[in-house]
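Visitor: 3D, please:
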Amino acid sequence: MTATTELAREIVTQPRTVERVVAGMPTSDGAGVKLTRVLTQSLQRRLDPYLMLDAFGTDDPQDYIGGFPSHPHRGFETITYMIAGRMRHRDSAGHEGLLQNGGVQWMTAGRGVVHSELPEQEDGRMEGFQLWLNLAAKDKMNAPWYRDIQSDTVPEFKTPEGVTVRVIAGASHGIAGAVQRETTQPLYLDLHFEAGSHFSQSLPAAHNAFVYVYRGELRVGDSPLPSQRMAILANGGDGVVLHADAPARALLVAGRPLNEPIVQHGPFVMNTKEEIFQAVQDSQAGRFERA
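Guide: Residues are numbered from 1 along each chain as shown. Model (predicted):
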């Protein structure tokens, strides 16, 4: 969906700087799917409310063909953004959908869900991202929720400076994204830069934010950010300004921190060890199957 309304200006007078540049960690998950874990567990507190970011991209079917067979989740949301390829989702709450080029799958695990994500292709490229967004303690035991967002319904616009913006969550330049969340206030933008373009986005000073470049390279202020690197943005100021000397693509992600305890055990993220023990027991007893 291309926005046709007049764009609002994003005024940034005190842009954020780069606090740290992070290189992802190669790993595998599911049935041997090769990926890069960009936001690791050690960064969860710093980038609260975000828990994980995985990037995957390959032309070799052996790197993805096994997919992610049935597995449980409790206590957070998963956001899968597919750049290329097709993946079928099924879960114990009765949801099913096909995630494909440019589409988004937004799932709230809540009190518990078992789901699978399996490729519906045997060759060609598969590329995308999975982002984990924490839930507040008061929301962790809510009922599971799921939404498929097809590519043509993701709000999209082009700035006068030559940047195409896909607004997955939050809002940019007055354009509301596909999903809104009152508590964590996530901002999730996919930015496509032309050569010599720049992009400004206002951000609340206390919101944690990062930029991940997946094509080309950017400059965050005067700091270079190479491909396949994440820049953690220092808090403060009133936004971020990004520059591209050559064509580039990047994700800009921000959110309001929950400032609550984070206790993770595999696919469960709760606030206490006791809640984790209960999640394991409930999963083993098959209670998620009745989510």
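
Visitor: Might you report the residue contacts of the nearest residue to E194 once chain neighbours are set aside?
Guide: Nearest residue to E194, sequence neighbours excluded (CB to CB, 6 or more residues apart in numbering): G162, at 3.9 Å. For the C-beta atoms, the positions are set from N, CA and C on the backbone; glycine is no exception. By CB atoms under 8 Å, 6 or more residues apart in numbering, the contact set of G162 is F193, E194, G196, S197.

Visitor: who touches the last one in this structure?
Guide: The neighbourhood of S197, defined by CB under 8 Å, 6+ apart, consists of T159, E161, G162, V163, H243, A244.

Visitor: do you know how far it is from L233?
Guide: Distance, S197 to L233, by CB to CB, to the nearest Å: 19 Å.

Visitor: just L53 next, same as before
Guide: 14 Å.

Visitor: how many other residues sit next to F288?
Guide: Using other CB atoms under 10 Å, F288 has 23 neighbouring residues.

Visitor: Isn't it up against H71?
Guide: No. Contact criterion CB atoms under 8 Å: F288 and H71 do not qualify, at 10.0 Å.

Visitor: Can you check which residues contact both of these two?
Guide: With CB under 8 Å, 6+ apart, F288 and H71 have common neighbours V114.

Visitor: which of L53 and L233 has more neighbours?
Guide: L233 (27 against 24).

Visitor: I'd say the more buried one and E19 touch.
Guide: Yes. L233 is in contact with E19 according to CB under 8 Å; the separation is 6.5 Å.

Visitor: now the strands: where do they sit in the stretch 151-291 of the chain?
Guide: Applying DSSP state E, counting those that start in this stretch to the stretch 151-291 of the chain gives strands spanning 156-158, 163-169, 171-172, 175-176, 187-193, 197-202, 208-215, 218-220, 223-225, 229-233, 239-244, 248-255, 263-265, 268-270.

Visitor: and the second one, what's its mean pLDDT?
Guide: For strand 163-169, mean pLDDT rounds to 98.

Visitor: for the first one, same thing?
Guide: For strand 156-158, mean pLDDT rounds to 97.

Visitor: buried set for it?
Guide: For strand 156-158, burial by neighbour count (16 or more other CB atoms under 10 Å) applies to E156, F157.
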